[in-house]
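> Sequence first, then the predicted structure, then my questions.
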Amino acid sequence: MMNRRGFLKTSLAAGALIAGSSSLLNACGSGVKRTDLQPEGREFETVPSLGEEASAILYYASLAPSGHNAQPWVVKVSPQREWVVGGDTKRRLPAVDPQNRELLLSVGAFVENLVIAASAMGYEAEIEVIGRNSADEDLVKVTLKKGKPGNYPLKRLLSRRTVKQGFRPEEIRSEDVKALSDFLKGQLFYYPRGSDHAKCIQEAALETFRIQTYRDEAQQELADWIRFSNEDARKYRDGLTTESMDIKGVAGWYVRNFMGREDVTRDSFRKQGIDLAAKQVEQGGGWFIVTSQGASVSDLIETGRKFERMALMAREKNIGIHPMTQCLEEKEGLEKIASSHSAPVIPQFVLRVGYVHEYPNPVSLRRPVSWFIKA
Ligand SMILES: Cc1cc2nc3c(=O)[nH]c(=O)nc-3n(C[C@H](O)[C@H](O)[C@H](O)COP(=O)(O)O)c2cc1C
């Protein structure tokens, strides 16, 4: 193994050679992106035991967002096209999501993508929530029946992503808020940038980010899900990569080659994260809060489904969505929300939103379908 100094020397020499008169940026290479891991000319691999259609449906489902990109789903498949979607116990986030609330929301988003993709392939997916407790492994029964092909553009599933940069300051137009609210009737609230409520959310988002950053348990869990090197990104195909964290150029190269999980609890790392979050909360057209009526397994799966529909529509409208969940993970955030509302509300997502100059391409990794199915 080459030590750090040796590596630096060799890399810089190689960089100088490769770069010639071009910038050092080019010599830094890039982090692994989703497209780098796709089979030649295709988006996904066909699992022989499933066949083309079922493999496609599950691949599209897996493009759903999830906390730390843990992809906490597992699917028991059967030839009769009766599947059970469950929560993968090894992919829980106990330090930030001890009740599996976010796991259920993520599984809900997965189910929604599944329903959309099945419909596009000519199947009607019947959904029955069978989980009763948030720790249950079996959560949703899916029965696929032949139906009429729907015309939902699957391209939207391929192009949606979490957006953290490039937000414009304009308010979200009322017609767009209305269109996005359609999926979340009475559950979505928009607070335009500059309003008192938006300022309050902005403050709470940053404050709880800071609190969580200094909670070692949460920070160590985050470290478990950062794929520092390209080698680990390729090996695990989940978690957070330099590309998905928008760490580009020399900084990305440095992280990939010289940083590891022990750095995440260093003060400098924590401070950089907080500085970045402070800049982020200032940007965008305001905040969406997504709430639910109840907190049962079914409520959370349903809310995850509706959230995903809304996020896909937002993509269509060039509206970026950035979940900033610390508010709902740290007790100080929850207390603040409870104290400023007289009626009981159950907030499930705190989302920074805004039109983006250019909607970026998705880069976060996904495990191949064969990795998350069980016979
Ligand atoms: C329930 C849930 C909570 C999330 N919380 C955060 C968060 O606090 N901060 C953040 O930057 N992204 C958050 N995300 C976004 C994920 O990190 C993102 O979905 C994942 O990395 C996959 O990337 P993609 O959405 O671009 O496909 C959250 C997503 C979900 C579904």
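Yes, it's here.
> Name the residues of stretch 366-375 that are buried.
366, 368-369, 372-373 (16 or more other CB atoms under 10 Å). For every residue, glycine as well, the C-beta is placed using N, CA and C.
> What lies in contact with that stretch?
34, 44-45, 47, 49-50, 55, 58-59, 62-63, 71, 73-77, 88, 236-238 (CB atoms under 8 Å, 6 or more residues apart in numbering).
> What's the local residue count around residue 36?
Residue 36 has 14 neighbours, counted by other CB atoms under 10 Å.
> same question, residue 51
11.
> Would you list the phi and psi of it?
Backbone torsions of residue 51, given as degrees, to the nearest 10, read phi 90, psi 170.
> mind listing what it touches?
No contacts exist for residue 51 under CB under 8 Å, 6+ apart.
> Tell me the spacing between it and residue 253.
41 Å (CB to CB, to the nearest Å).
> hang on, the earlier thing: derive a ChimeraX selection command for the buried subset of the contacts of stretch 366-375.
Applying 16+ other CB under 10 Å to the contacts of stretch 366-375, the buried members can be selected in ChimeraX as follows:
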select :34,44,47,50,55,58,59,62,63,71,73,74,75,76,77,88,236,237,238
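> Among the contacts of stretch 366-375, which lie within helices?
55, 58-59, 236 (DSSP state H).
> From the chain's centre, how far out is stretch 235-250? Work that out for me.
Mean C-alpha position of stretch 235-250 versus that of the full chain (CA atoms, centre = their mean, to the nearest Å) differs by 13 Å.
> where does the stretch 151-300 of the chain come near the ligand, residue by residue?
Listed as neighbours of the ligand in the stretch 151-300 of the chain under the rule CB under 6 Å from any ligand atom: 161-162, 244.
> Which pLDDT does the model give the residue lying closest to residue 369 once chain neighbours are set aside?
For residue 369, ignoring the flanking residues on the chain, the nearest one in space by CB to CB, 6 or more residues apart in numbering is residue 58 at 4.6 Å. Confidence at residue 58, expressed as pLDDT, is 98.
> The helix or strand that contains residue 291 - contacts with which helices or strands?
Per DSSP states H and E: residue 291 is located in strand 286-292. If you count contacts as 3 or more CB pairs under 8 Å, 6 or more residues apart in numbering; DSSP states H and E, strand 286-292 packs onto strand 188-192, helix 196-213, helix 297-316, strand 346-355.
> would CSV of these with distance to residue 151 and mean neighbour count be doable?
What follows is the helices and strands packed on strand 286-292, written out as CSV (distance: least, CB to CB, whole Å; neighbours: other CB atoms under 10 Å):
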stretch, distance to residue 151, mean neighbour count
strand 188-192, 25, 18
helix 196-213, 37, 19
helix 297-316, 14, 23
strand 346-355, 26, 23
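> Throw the ones you listed into TSV and include distance to residue 170, thanks.
Converted to TSV, these look like this (distance: least, CB to CB, whole Å):
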stretch	distance to residue 170
strand 188-192	9
helix 196-213	13
helix 297-316	14
strand 346-355	6
